[in-house]
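*Asks:* quick one, what's the 3D model for this:
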Amino acid sequence: MYNYDQFSAKDYDLVNFRGPNPGTPAPDFNLTRADGGHSRLLDFDGTFLVLEMGSLTCPLFQGRRKTMSALHREYQNVDFSVLYVREAHPGAAISAHQSDDDKQSCAALLRSDGERRKVLVDDLNGTAHQAYGGYPNSVFIINRNGCVVYASDWNNPETTGRALSLLIQGKPADLKAWFKPVPPSVSLKILRAGGKGSMADFLRGLPRLIWNNLVLRNIRLLRGKPIGTPPDVRC
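*Replies:* From the prediction side, this is the model:
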């Protein structure tokens with residue numbers, strides 16, 4: 001079930017990320033916006049679009065908002081969007097979405113919490129989210145041709161910023177985005193806000209998350225070679 005009521009690390013394939021790779025077309029969808037109305041996902045005016053997955057109950061997304069907001073302010077000619085996806089760690093206070101209105105309300109709360117990037121709301125079944133790999137905090141940079149030129153299954157905002165700088169200079173963003181956890185204080189704050197069940201489910205899955213992300217993923221990244229895709233690639 002896409003909108004799970006209780007988080008389990010088994011809900012994610014933490015070994016095989018299936019989001020679009022650099023050099024491939026970025027999937028496009030007609031989505032609602034948190035501030036009302038509709039928008040195509042790839043409807044942007046800047047030189048690039050930085051697209052990040054997120055939700056209220058994702059500590060990684062919430063812990064990276066400050067840095068991502070700083071990038072948004074710095075790069076005036078680049079568009080930034082958040083795709084609001086399923087609740088990463090639902091609890092009694094912020095539960096799994098039961099309707100499109102539920103999801104829209106959560107996305108509106110993100111806007112009212114100071115999020116100034118465009119917030120796009122996926123459908124209840126997570127159609128767009130799953131097309132982009134289904135991870136709770138992945139990030140993609142997309143060029144004007146609708147091609148992915150940088151992608152990471154987990155957003156490392158410092159690396160995302162360096163990737164954006166390289167792309168604007170006309171260079172490939174051939175960087176490795178190491179997985180970095182957020183401070184425990186951030187996780188505690190977000191999971192407490194989720195309500196009863198959110199913290200307990202997270203702690204049960206924590207050993208698997210640490211092993212797959214901090215250990216195995218970073219080892220795979222160390223051994224692999226990043227994909228150097230030209231900023232103006234057509235696909």
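*Asks:* CA only for contacts and neighbour counts going forward, please
*Replies:* Fine.
*Asks:* what about the protein, any weak spots by pLDDT?
*Replies:* For the chain, applying pLDDT under 70 flags no range at all.
*Asks:* tell me where it has helices.
*Replies:* Ranges of helices in the chain, per DSSP state H, are 59-74, 100-112, 127-131, 157-168, 184-194, 198-209, 218-223.
*Asks:* of the ones you listed, which is nearest A26?
*Replies:* helix 127-131 (9.1 Å; Cα to Cα).
*Asks:* mind listing residues that contact that closest one?
*Replies:* Helix 127-131 has contacts (Cα atoms under 8 Å, 6 or more residues apart in numbering) with G19, P20, P27, D28, F29, M53, L83, V85, D122, Y135.
*Asks:* burial measure for K10, as a count.
*Replies:* By the criterion of other Cα atoms under 10 Å, K10 has 10 neighbours.
*Asks:* related to what we said a few turns ago, would you turn the helices of the chain into a markdown table with distance to D232 and mean neighbour count?
*Replies:* Output for the helices of the chain, formatted as a markdown table (distance: least, Cα to Cα, whole Å; neighbours: other Cα atoms under 10 Å):
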| stretch | distance to D232 | mean neighbour count |
| --- | --- | --- |
| helix 59-74 | 21 | 18 |
| helix 100-112 | 32 | 18 |
| helix 127-131 | 22 | 18 |
| helix 157-168 | 9 | 19 |
| helix 184-194 | 37 | 17 |
| helix 198-209 | 36 | 17 |
| helix 218-223 | 25 | 13 |
